[in-house]
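Novice: Fold the following, please.
(chains A and B)
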Amino acid sequence: MSLIEVEDLRVAFPKAGVEAVRGVSLSIAPGECVAIVGESGSGKSVTARTLVGLTGPGATVTAGRFTVKGQDALRFGQRDWRRLRGRFAGLVLQDALLSLDPLRTVGDEIAEVLATHDVVSRADRKARVIELLDAVGVPEPEVRARQYAHQLSGGLRQRALIASAIAADPPLIIADEPTTALDVTVQAQILRLLAARRAEGTALLMISHDLAVVSSIADRVLVMKDGVIVEEGPTARVLSAPAHDYTRLLLAAVPSAASRGTRLSAIAGGVSLRAPLPERHVGHGAPVVEVSGLSAAYGTRKVVDDVSFEVYPGETVGIVGESGSGKTTVARLVLGLLEPVSGGVRLNGDPWSGVSERRRRSRRSGIQVISQNPLGSFDPRYTVGRLIAEPLSGSSSDRKARVIELLGRVGLAPDIAGRHPRRLSGGQRQRVAIARAIAPRPDVLVCDEPVSALDVSIQAQVLDLLAEIQAADGTALIFISHDLGVVHHISDRVLVMREGRVVEEGHVDEVFFIPKHDYTRELLGAVPKLAPAEP
Amino acid sequence: MTTVTEAPQIAPSAPTPPRRRYGVPPGLIPPLLFLIVAAVAATAPRLLTGVDPLAADPLHALAGPSAGHWFGTDHLGRDVLARVVHGAGHSLSIGAAAILLATGIGTLLGIVAGLSPRYLDELLSRLFDVLATFPELLLALMVIAITGPGTGNVILAIGVAQIPNYARVIRAQTFVVRRSGYVEQAVTFGLSRPVLVLRHVLPNVLGPLPVLATIGMGTAIIATSGLSFLGMGPQPPSPEWGSMLSEARNYLRVAPWTALFPGLAVTLTVISLTLVGRRLQRRFEGRNP
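Specialist: Numbers count the residues shown, from 1 in each chain, chains lettered A, B, ... in the order given. Modelled structure (predicted):
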């Protein structure tokens, strides 16, 4: 008997006029791992929440058949659902900091699940909490149980959340993007932990935007788009021989070593994937940016320590590292937004750090930035046209014409100029940010996690756009990312950073295929590969 | 730092927010209507009443509400309705002028503090803190004690008392804007500091000001009435809600209407301003991503 079985599930939010889920059928057998993969807005999270009765107020749920443990779930009230949650299905959400009560210790949080479902006697509860924390690999469980969520690192928080999800020993765990906010090495640990629970017989429903993440763990994959499951099947089959165009597009959009030099997105109107990108010319001779012995500190804490590298015209230098490795600080130093403690930056051969802002001002057009959150870098009062025109000079009609031209270059229609960025999608916003960054014709673009917040198909388009611009203008890129696949796809050379230091650097193929440093190896080993799980 | 955590908020297909509905929510119609009437009373009282607020008629003193005198008459037989209507001009203009003074100086000081080097900011901030520890009315009374009573002095007193409120909010807002992504971005365009401040910092700092001023105006009107009640405001016989209340104090038992109507005027004005202000505030906050 299936744990959960649902046919023709429909979830609508009539007030917002949205039908988020439109006819989904799925079943989860005991001990099975099923994954729902899709981009944001596909309805995957709503589906998962509906399965445990957490659709939220204002939603109408209908289904041809909806059984949980053989009981008709369409007739469940809140009370029935409450009894099921925790006991029957443990829920693990993306952000443990939001899911854990900030006013209670981690131990209390887990104990609550034990108390609600009467799993162990009151006297044994404390010991059981420690056991659970230990089981999910939290070091020093006695200490951690007395701490609050904000005192734990992201990885430990996620483990604590999993501990509370499995506290009542449910036969099913529903994990909604459980590793999205985590660094790649921590992600690998969490995935191993979930896999271990599975090996012990717990069924797993995994929701993710990342095909690679689910491929290592799922038996079956359901690909969801616009509220509909467009393809489903055994993981190996879906990944190796996708039947639906959308699945193919998703798979082709994943950047990796194999995708170097090719387009990740389909060319407009065509379905041909992985077309070659335009030829790019890397200059030799004088570097555009020279960084030597750069160090920076916040207070007494050194965040960047003796970093040196050069960037040549038309070249892409990738910087990879986990959160806190100092990547963004390097970007700020190179941009001249932060003064180094020692060492220096030269731009086009002349000193860039250590000179007054007044003297830098006229040269600022030579170096521009694209950040992760374009909306935050836009003056909230500005329209798209005004944003892009700001770094431009010349008469107002000249600038207007340039804005239209730039919008065209980034693939946006001219009428977007009058719109407000808040009314644009994430991908469109990033295109606006790119148009603005290339407006003053810079020699070098600093890209700080420019695609991290984007869905994989949008990420593919933006990466292709950057490659086109680079080929046409000969702009050098400093590309900062935590995503090794993206960096491998786009970079010529790469620097691997850890705790403010560059631990390894070189040609991207050399570093990624023949890593010399242990940390690089650890990072690469942690990256989930797009390969079906061993049967 | 890698903040993939933000992904869901700014994810590309995050549905565009539902189109904002224009038009006034039904709950706001009464306060808005009341404020419109109050504004008419303040600017053109003759439109609402033809009766002279100063015309005394001792024969009909302390008469209850009737067809001839809707709100009744006071101890000198003056029409209470006419006095309430004419009083709006005093109460509202004093409140508005005081807020103008407070927002003007408060904003200036707040921005200066927010943009200055640390020691100057510390100095100004401590000054605001010290001023803010005094209750507003007490501070206003202290100013009056120095300047003496009168309309102009009441404006000065209430304005000065409110300065720290605005200065502190604007200073905090300046800090936020100054460190925002868009100001940093503007630095990378090579804008000079004055241009940067005028073009990006100032307009974004001033955003919440109309909202704050609307809510502050309610406080100022209460303070105005309070000071007038104590005899510090416009001197009799000018009608002013606070001083009307003060005069009515002695006749509460025999002629409660002499206190009721000016009291209602103050209360309803403040409630209306607060309701409208809160609504503006919600709207403003919803607008800012």
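Novice: alpha carbons only for contacts and neighbour counts from here, please
Specialist: Fine.
Novice: Please enumerate residues in contact with the strand or helix carrying A:Trp81?
Specialist: Per DSSP states H and E: A:Trp81 is located in helix A:78-84. With C-alpha atoms under 8 Å, 6 or more residues apart in numbering or on different chains as the contact definition, helix A:78-84 has outside contacts at A:Val52, A:Gly53, A:His117.
Novice: Just grab the bridge partners of A:Pro297 for me.
Specialist: Small correction: residue A:297 is Ala, not Pro. A:Lys302 (DSSP bridges).
Novice: thought it was touching A:Val303?
Specialist: Yes - if you go by C-alpha atoms under 8 Å, A:Ala297 and A:Val303 touch, sitting 5.2 Å apart.
Novice: Report the central residue of chain B.
Specialist: B:Met217 (0.9 Å; C-alpha atoms, centre = their mean).
Novice: ok, the host helix or strand of that residue near chain A or not?
Specialist: Counting by DSSP H and E, the element that carries B:Met217 is helix B:209-229. No - using C-alpha under 8 Å from any C-alpha of the partner chain, helix B:209-229 stays clear of chain A, coming no nearer than 15.3 Å.
Novice: Let's see that helix as PDB, backbone CA atoms only.
Specialist: C-alpha atoms of helix B:209-229 as PDB (Å, rounded to 0.1, in the frame of the first residue of the first chain):
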ATOM      1  CA  LEU B 209       8.500  62.000   5.600                       C
ATOM      2  CA  PRO B 210       4.900  62.800   4.500                       C
ATOM      3  CA  VAL B 211       3.700  59.700   6.400                       C
ATOM      4  CA  LEU B 212       5.600  60.700   9.500                       C
ATOM      5  CA  ALA B 213       4.400  64.300   9.200                       C
ATOM      6  CA  THR B 214       0.700  63.200   8.900                       C
ATOM      7  CA  ILE B 215       0.900  61.100  12.100                       C
ATOM      8  CA  GLY B 216       3.000  63.800  13.800                       C
ATOM      9  CA  MET B 217       0.400  66.400  13.000                       C
ATOM     10  CA  GLY B 218      -2.100  64.600  15.200                       C
ATOM     11  CA  THR B 219       0.400  64.800  18.100                       C
ATOM     12  CA  ALA B 220       1.000  68.500  17.400                       C
ATOM     13  CA  ILE B 221      -2.700  69.300  17.500                       C
ATOM     14  CA  ILE B 222      -3.000  67.600  20.800                       C
ATOM     15  CA  ALA B 223       0.000  69.500  22.100                       C
ATOM     16  CA  THR B 224      -1.500  72.800  20.700                       C
ATOM     17  CA  SER B 225      -4.700  72.200  22.500                       C
ATOM     18  CA  GLY B 226      -2.900  71.200  25.600                       C
ATOM     19  CA  LEU B 227      -0.800  74.400  25.700                       C
ATOM     20  CA  SER B 228      -3.900  76.500  24.900                       C
ATOM     21  CA  PHE B 229      -5.800  74.800  27.600                       C
END
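Novice: Packing partners of the helix or strand encompassing A:Ala111?
Specialist: Assessed by DSSP H and E, A:Ala111 sits inside helix A:106-116. Applying 3 or more C-alpha pairs under 8 Å, 6 or more residues apart in numbering or on different chains; DSSP states H and E, we find helix A:106-116 packed against helix A:122-135, helix A:141-145, helix A:154-165.
Novice: What about residue 198, how many residues nearby?
Specialist: Because you didn't say which chain, this covers chain A. Residues near A:Arg198, counting by other C-alpha atoms under 10 Å in any protein chain shown, number 21.
Novice: sorry, should have said chain B
Specialist: Neighbour tally, B:Leu198, other C-alpha under 10 Å: 11.
Novice: quick one: least confident helix or strand in the chain?
Specialist: No chain specified, so I'll use chain A. helix A:96-99 (a mean of 74; mean pLDDT, DSSP states H and E).
Novice: Show me the contact partners of it.
Specialist: So helix A:96-99 is contacted by A:Leu93, A:Ala149, A:His150, A:Gly154, A:Arg157, A:Gln158, A:Leu161 (C-alpha under 8 Å, 6+ apart).
Novice: Might you list the low-confidence residue ranges for the stretch 51-200 of chain B?
Specialist: Across the stretch 51-200 of chain B, nothing is flagged by pLDDT under 70.
Novice: how about the residues of it that lie near chain A?
Specialist: B:180-185, B:187-192, B:200.
Novice: pretty sure B:Ser272 contacts B:Pro31?
Specialist: Yes - assessed by C-alpha under 8 Å, B:Ser272 is found in contact with B:Pro31 at 4.5 Å.
Novice: out of the two, which sits in the more crowded spot?
Specialist: Taking other C-alpha under 10 Å, B:Ser272 and B:Pro31 do not tie; B:Ser272 has more neighbours (23 against 19).
Novice: residues contacting that one?
Specialist: Taking C-alpha under 8 Å, 6+ apart, one finds B:Pro31, B:Leu32, B:Phe34, B:Leu35 in contact with B:Ser272.
Novice: Now flag whichever of these is closest to chain A.
Specialist: B:Leu32 (27.3 Å; C-alpha to the nearest C-alpha).
Novice: Tell me how many other residues crowd that closest one.
Specialist: Going by other C-alpha under 10 Å, the residues that sit close to B:Leu32 add up to 17.
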